[in-house]
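Trainee: got a predicted model here, sequence first, then my questions.
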Amino acid sequence: MPRSQPAPQTISDVARRFIDQAPPITPIDLTIEALQIQRQLNLESYGRAGRRLAESIGVTTEEGQIGGVPVQWVMPPTAPEIGAILYFYGGGYVYGSPSEDLAITARLAAFTGRKVCAPVYRRAPEHPFPAQREDGLAVYRALAEAGSGPIAVAGESAGGNLSCGDQRCCCCRSRPAGRSGATVALVRSRPPG
């Protein structure tokens, strides 16, 4: 099928041939209904794989709420009572959930021996940015105020931005005086679908 727009003449012959041979760009359905269907498909696929991995390494999950925000706790077989990793999932603030990133958080919990707290932050477009930042900060502040011990902050893709990519989003900037913390951003890309 030919492309609707030819490649520009100002690029190399190799680049022009590549563009001309690429499949046509198809419009994406961005209605709320279409997003919800895709979210459910992603959850079924990635969530199932994450649950299997967590079970295979002895990690358990528990749903809760902190700072008014739903969270998923991911716990290794044995964990100290203090300290946690606050983990933000990726998905461009539109897709994703803690259950979809369970393969990541289960490994974090198992490898570090620490509990992982993964907020279920509000997603766009139903809740435009900065709703995600507000939810992340609410959870971080509640954990810090509860005296949970050291808090490491991590995230994948958009979650990496919530953890440290944007200075206004960095949870460690809102750290109460005298509290130390670590911030790690995990950036990876998921294959589409």
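Mentor: Ah, there it is. Residues are numbered from 1 along each chain as shown.
Trainee: what sits up against the longest helix anywhere in the chain?
Mentor: The single longest helix within the chain, with elements called by DSSP state H, is helix 32-56. Surrounding helix 32-56, the residues in contact under the criterion CB atoms under 8 Å, 6 or more residues apart in numbering are 60-61, 74, 94-97, 99-107, 125-126, 193. For glycine as for every other residue, the C-beta is placed from the backbone atoms N, C-alpha and C.
Trainee: of the residues you listed, which belong to helices?
Mentor: Reading helices off those with DSSP H, I get L102, A103, I104, T105, A106, R107.
Trainee: quick revisit: drop anything exposed from the contacts of helix 32-56.
Mentor: Taking 16 or more other CB atoms under 10 Å as the criterion, what is buried in the contacts of helix 32-56 is 61, 74, 95-97, 99-102, 104-107.
Trainee: put together JSON lines for those residues, with pLDDT on each row.
Mentor: Output for the buried ones among the contacts of helix 32-56, formatted as JSON lines (pLDDT from 0 to 100):
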{"residue": "T61", "pLDDT": "97"}
{"residue": "V74", "pLDDT": "97"}
{"residue": "Y95", "pLDDT": "93"}
{"residue": "G96", "pLDDT": "94"}
{"residue": "S97", "pLDDT": "96"}
{"residue": "S99", "pLDDT": "96"}
{"residue": "E100", "pLDDT": "95"}
{"residue": "D101", "pLDDT": "96"}
{"residue": "L102", "pLDDT": "96"}
{"residue": "I104", "pLDDT": "95"}
{"residue": "T105", "pLDDT": "96"}
{"residue": "A106", "pLDDT": "96"}
{"residue": "R107", "pLDDT": "95"}
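Trainee: centre-most residue in the protein?
Mentor: Y89 (1.3 Å; CA atoms, centre = their mean).
Trainee: can you pull the contacts of it?
Mentor: Contacts for Y89 (CB under 8 Å, 6+ apart) come out as G96, S97, P98, E100, D101, A118, G155, E156, A158, G159.
Trainee: so how far is P77 from the last one?
Mentor: Spelled out, that is G159. 25 Å (CB to CB, to the nearest Å).
Trainee: M75 reaches A109, doesn't it?
Mentor: Yes. Under the criterion of CB atoms under 8 Å, M75 makes contact with A109 at 6.2 Å.
Trainee: re earlier: looking at the contacts of Y89, spot the one nearest A84.
Mentor: A118 (10.4 Å; CB to CB).
Trainee: leaving out sequence neighbours, find the closest residue to that closest one.
Mentor: P98 (3.5 Å; CB to CB, 6 or more residues apart in numbering).
Trainee: would you check how far apart the one you found and A106 are?
Mentor: 11 Å.
Trainee: repeat that for A54.
Mentor: A54 is 4 Å from A106, by CB to CB.
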